[in-house]
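Engineer: structure for this input, please:
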Amino acid sequence: MKKQPNTTERLLTYEEVCTVLKTSQATLRRYVKQGRFPAPVKPNPNGRAVRFRYQDVKAWLDKL
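Structural biologist: Residues are numbered from 1 along each chain as shown. Take a look at the predicted model:
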């Protein structure tokens, strides 16, 4: 039996977050740099990729 993924552990790309927020990547990066949006995490400490935690994005949206 396959285990269902836990949506609170889901990681989102910049593109996915921008689609939800209906904004550009440049704006999202600026928000992160200014501390106005939750910072992304590195799923692999040795890699270059960064992702946003689903629960962080949802909590930010709930505050609006």
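Engineer: all helices for this structure, in order.
Structural biologist: Listed from the start of the chain, the chain has helices (DSSP state H) covering 14-21, 25-34, 54-63.
Engineer: what packs against the last one?
Structural biologist: Here helix 54-63 is seen to pack against strand 11-12, helix 14-21 when contacts are counted using 3 or more Cβ pairs under 8 Å, 6 or more residues apart in numbering; DSSP states H and E. (Glycine included, C-beta is placed from N, CA and C.)
Engineer: sorry, back to before: want to throw the helices of the chain into CSV with mean pLDDT, mean neighbour count and distance to Gly47?
Structural biologist: Output for the helices of the chain, formatted as CSV (pLDDT from 0 to 100; neighbours: other Cβ atoms under 10 Å; distance: least, Cβ to Cβ, whole Å):
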stretch, mean pLDDT, mean neighbour count, distance to Gly47
helix 14-21, 96, 15, 15
helix 25-34, 97, 13, 18
helix 54-63, 96, 13, 19
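Engineer: tell me which of those lies nearest to Val41.
Structural biologist: With respect to Val41, and counting by Cβ to Cβ, the nearest of the helices of the chain is helix 54-63 at 8.6 Å.
Engineer: which residues sit against that closest one?
Structural biologist: Identification of contacts with helix 54-63 by Cβ atoms under 8 Å, 6 or more residues apart in numbering yields 7-12, 17, 20, 37-38.
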